[in-house]
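Visitor: attaching a predicted model along with its sequence, questions to come.
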Amino acid sequence: MPELPEVETVMRGLESVLTGQRISEVRLARNNLRFPFPPDFAKRIEGRLVLRLKRRAKYILAFLEGGEVLILHLGMSGRFTIIDAKGRLTGLGEFYDESVTAGAGSGPHDHVVFTREDGLRIVYTDPRRFGLMDLVGETGLEAHKLLAAIGVEPLGNEFDANYLAEAFRSKKAPLKAALLDQTLIAGLGNIYVCEALHRAGLSPRRRAQSLVKKNSYDPRLEELVRHIRAVLLEAIAAGGSTLRDFVHPKGEKGSFQQVFAVYDREGEKCPKRRCGGTIRRIVQSGRSTFYCPRCQK
DNA sequence: CGGGACTCCTGCCAGC
DNA sequence: TGCTGGCAGGAGTCCC
């Protein structure tokens, strides 16, 4: 489901109900998601105060009182639903949708329920179970197997054309694949790579290293960096993209899918002014790439 | 070693 | 209507 903007949106939703709050109960409906839950998972969280949350790549990190960090990843289909003590979605006044909350926490794919001291529940639902949860001591966080090799944050200061040039210098892989490589850039996924490449006018098929010269780089790398940042920031502002069923923890839907230029738009006209091309779908390393062969070179 | 194929799992939808 | 195959926002692991 979620790429950086969706994970950021979910993190903010969780932040608003968890920061400074104590978790009184953790209920597991099974003993694994993608991986087994760590030993004593529930016990190590119960009774703890949540100090703060942050996003790193597509991971959500919850720092707990006592020095442990709860690591969350939504995989493809993970989502959180927040339900107040009266069984209603929070934050939506009278406009909550009862069909969303009915039976929440007991559905076939509701795998984890965190309950706050005051009864508010945070339900993790994940049909495909590609998500994961783990616990690690704060001092071991950076060395955690899943986080150790993660690259720079595309919205952070380290991400610039120079960084990309060095990352791409010896990359024979297609540009699309290189941008999806989480060890280079943290948090980009299929949608936003397709969209950023279209904005930058770069073909997903060209080798990443084709943008790097011996002592310099193609100035379009600067454009690419600019567009990656812009598309992510716009998507975050829109609350992410809602395909199928992505919703915020509070039940609202993201809207960025309405402005996709290429993603899932095979056969449509390229929206770039005076381009006149037609969006194509190709498969690269087993995944769909959408692009305009006319204006992306 | 880098790069790509395969894998996990369920739901959904187009096409027959 | 009902089945089937393909596809889905991720990413670790294996193999060449």
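Guide: Now that the structure is in, tell me what you want to look at.

Visitor: need the contact partners of stretch A:163-173.
Guide: Here stretch A:163-173 makes contact (Cβ atoms under 8 Å, 6 or more residues apart in numbering) with A:151-152, A:178, A:181, A:184-185, A:207-209, A:211-212, A:217, A:221, A:224-225. Using the backbone N, CA and C atoms, a C-beta is placed for each residue, glycine as well.

Visitor: which of those count as buried?
Guide: Among these, those scoring as buried are A:151-152, A:178, A:184-185, A:208-209, A:211-212, A:217, A:221, A:224-225 (criterion: 16 or more other Cβ atoms under 10 Å).

Visitor: any part of stretch A:224-244 near DNA strand C?
Guide: Yes - applying Cβ under 7 Å from any atom of the strand, one finds stretch A:224-244 in contact with DNA strand C at A:240-244.

Visitor: got JSON lines for those residues, with neighbour count, pLDDT and secondary structure too?
Guide: Below are these laid out as JSON lines (neighbours: other Cβ atoms under 10 Å; pLDDT from 0 to 100; DSSP: H, G, I helix; E, B strand; the rest coil):
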{"residue": "A:240", "neighbour count": "28", "pLDDT": "90", "secondary structure": "coil"}
{"residue": "A:241", "neighbour count": "26", "pLDDT": "89", "secondary structure": "coil"}
{"residue": "A:242", "neighbour count": "19", "pLDDT": "83", "secondary structure": "coil"}
{"residue": "A:243", "neighbour count": "14", "pLDDT": "79", "secondary structure": "coil"}
{"residue": "A:244", "neighbour count": "6", "pLDDT": "64", "secondary structure": "coil"}
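
Visitor: next helix or strand past the lowest-mean-pLDDT helix or strand in chain A?
Guide: Within chain A, no helix or strand scores below helix A:98-101, which has a mean of 51 by mean pLDDT, DSSP states H and E. Downstream of helix A:98-101, the next assigned helix or strand under DSSP states H and E is strand A:110-116.

Visitor: in its sheet, which strands sit next to that next one, and in what direction?
Guide: Strand pairing for strand A:110-116, using DSSP bridges, gives strand A:23-28 (antiparallel), strand A:121-125 (antiparallel).

Visitor: right, I'll leave it there.
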